[in-house]
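Enquirer: Predicted coordinates and the sequence they were generated for:
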Amino acid sequence: MQAESTDPNGPPLTYTPRINELAPNALRQAGARVGKYEFASGASSNMSNDYVLIRLADMVLTKAEAAFRQGKTAAALTAINQVRTRASVAPLTALTLDAIYNERGFEMFAEASRRTDQIRFGKWNQPWWEKGQSEPFRALFPIPLNLINENPNLVQNPGY
């Protein structure tokens, strides 16, 4: 792989955990790569492994969140610790909504559920290092114009 002229590492490609930026001048080696599911070295895009849509740990964490929101803290803590025990992580002794949110982030990393978690836990609009604070209406996607044109009963989500 050819190195960019601004690439401080040059060839060969050496990944680093530091991200200089997301775009337009992101360096090819910047940022850790996600290797959550094993794949064969040199495999083509037609691999034999599947992308997981639903996992038991996700259901257990959902159960824990529901129990906690219903005031059943002991049941929620038991469920959270079931997942932590399977992951060989020390059990929690207390629980908060932020702790449940964090557990979902750890366990469900790179499984396409973080945006819905952020919305549900009220964190979607918060800024982070590469993104400023979002407008509240951004929690909803716009309804595609072709669908609105086909159905006069649809009203575009506010802000779009």
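Expert: It's in.
Enquirer: Next, the distance between the ends of stretch 134-154.
Expert: Using C-alpha to C-alpha, to the nearest Å, the end-to-end distance of stretch 134-154 comes to 25 Å.
Enquirer: Then stretch 104-122?
Expert: Where stretch 104-122 begins and where it ends lie 14 Å apart, using C-alpha to C-alpha.
Enquirer: Outside of it itself, which residues are in contact with it?
Expert: Under the contact criterion C-beta atoms under 8 Å, 6 or more residues apart in numbering, stretch 104-122 has outside partners 34, 36, 52, 55, 57-58, 61, 65, 83, 87, 97-98, 101, 123-124, 126, 139. From N, CA and C alone the C-beta is placed, and that goes for glycine too.
Enquirer: Repeat the analysis, applying 6 Å as the threshold.
Expert: Contacts of stretch 104-122 with the rest of the structure, by C-beta atoms under 6 Å, 6 or more residues apart in numbering, involve 34, 36, 57, 61, 83, 101, 124, 139.
Enquirer: Where does pLDDT dip in this structure?
Expert: Across the chain, the ranges flagged by pLDDT under 70 are 1-12, 39, 48-50.
Enquirer: Helices along that one, start to end?
Expert: With DSSP state H, the ranges of helices along the chain come out as 56-69, 73-86, 97-107, 114-120, 145-150.
Enquirer: ok, back up a step: out of the contacts of stretch 104-122, which are buried?
Expert: Using 16 or more other C-beta atoms under 10 Å as the burial test, the contacts of stretch 104-122 include 57, 61, 83, 101, 124, 139 as buried.
Enquirer: Tell me the one among these nearest to Q29.
Expert: Sorting these by how near they are to Q29, with C-beta to C-beta, puts W124 at the top with 30.0 Å.
Enquirer: Give me the residue at the spatial middle of the chain.
Expert: The centre of the chain sits closest to R114, judged by C-alpha atoms, centre = their mean, with a distance of 3.2 Å.
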